[in-house]
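**Q** Okay, sequence plus prediction incoming.
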Amino acid sequence: MAAASFITTLVSRLLRSAQSGRLHQRPFHLSAVRNEAVIISGRKLAEQIKQEVRQEVEEWVASGNKRPHLSVVLVGENPASQSYVLNKTRAAASVEHIDERKVCNAVSPDKDVDGFHVINVGRMCLDQCSMLPATPWGVWEIIKRTGIPTLGKNVVVAGRSKNVGMPIAMLLHTDGAHERPGGDATVTISHRYTPKEELKKHTALADIVISAAGVKKKAGYITPVPGGVGPMTVAMLMKNTIIAAKKVLRLEEREVLKSKELGVASN
């Protein structure tokens with residue numbers, strides 16, 4: 001559940017666009033740093049998304065529904081995991097010697113706001129609607145809301161973790177016309193066994209690089225640390241929470257309706 005600080009980099013054509021001044025009219029979450037990369041403010045985008053969620057929650061509660069509640073289980077004492085939980089709920093329950101996969105799969109997939117349940121992972125890989133892991137979804141939202149094109153672009157994802165690297169690669173390369181639209185990009189996933197020279201070749205050809213290394217002097221766009229993907233992770237988790245609340249209510253309503261129908265049939 002560790003949340004990495006990721007950057008989104010757009011090189012080659014977008015860099016030339018930034019230098020030529022065609023990015024003069026920037027959205028409120030973008031800012032220029034001299035002749036370097038255009039900085040994408042994850043904080044400002046996150047506030048925008050949280051405001052959307054806040055309005056959705058208030059409308060949900062005003063309609064007579066129960067206010068969504070988020071519960072978290074923290075496994076072990078990994079500092080990154082502790083920070084993840086602290087930033088999202090300000091409270092955690094610490095449990096030792098538990099199989100992480102069993103814990104993830106013990107959570108109802110409809111309440112799995114982290115998107116780690118095997119059913120949600122499977123649905124994501126099949127381009128179906130599902131709970132998406134918050135960090136890669138945050139990266140995806142940064143790319144979309146900033147207007148960075150992905151269709152037909154070459155993307156390098158540095159890292160193959162099941163919580164970040166793999167999901168963002170899935171979101172970027174899948175079909176934009178499917179049930180869960182993807183980015184239609186050509187994605188290369190690198191990892192610790194990728195030779196440095198090969199990684200250099202891949203990144204040189206890439207339009208977008210998603211990694212944890214700063215390259216702002218060569219980038220067209222970049223997210224800062226802090227204030228980049230971290231706030232977006234929190235925002236997307238909140239969005240997953242209201243989605244889960246609505247999904248659970250719909251399931252409960254169906255169960256009630258089914259029980260009524262069975263009662264009528266038995267009479």
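**A** Everything's here; your move. Numbering: from 1, shown residues only.

**Q** how close does Val139 get to Thr174?
**A** Look at Val139 and Thr174: by C-beta to C-beta, to the nearest Å, they are 15 Å apart. All C-beta atoms are positioned from the backbone trio N, CA, C, and that covers glycine.

**Q** More neighbours: those two, which one.
**A** The residue with the greater number of neighbours, taking Val139 and Thr174 and applying other C-beta atoms under 10 Å, is Val139; the counts read 28 against 20.

**Q** Against Ala177, how distant is that one?
**A** As for Val139, its distance to Ala177 is 21 Å (criterion: C-beta to C-beta).

**Q** How about Pro68?
**A** 31 Å.

**Q** which residues in the stretch 1-150 of the chain form strands?
**A** According to DSSP state E, counting those that start in this stretch, the stretch 1-150 of the chain carries its strands in the segments 7-10, 30-32, 38-40, 74-75, 94-95.

**Q** And these, which one averages the lowest pLDDT?
**A** Out of these, the stretch the model trusts least by mean pLDDT is strand 94-95, with a mean of 34.

**Q** contacting residues around the residue nearest to Glu198 when sequence neighbours are not counted?
**A** Excluding the flanking residues, the one nearest Glu198 by C-beta to C-beta, 6 or more residues apart in numbering is Ser190, at 7.8 Å. Contacts for Ser190 (C-beta atoms under 8 Å, 6 or more residues apart in numbering) come out as Val156, Val157, Ala158, Gly159, Arg160, Glu198, Leu199, His202.

**Q** Tell me what Ser190 is bridged to.
**A** Residues in a beta bridge with Ser190, per DSSP bridges, are Ala158.

**Q** where does the stretch 151-267 of the chain have low pLDDT?
**A** Applying pLDDT under 70 to the stretch 151-267 of the chain flags residues 212-214, 216-219, 264-267.

**Q** Could you report the neighbour count for Asn120?
**A** 23.

**Q** From what I see, Leu151 and Asp184 are in contact.
**A** Yes: under the criterion of C-beta atoms under 8 Å, Leu151 makes contact with Asp184 at 4.4 Å.

**Q** okay, Pro68 and Ala177: which has more neighbours?
**A** It is Pro68, of Pro68 and Ala177, that has more neighbours when counted by other C-beta under 10 Å, with 21 against 9.
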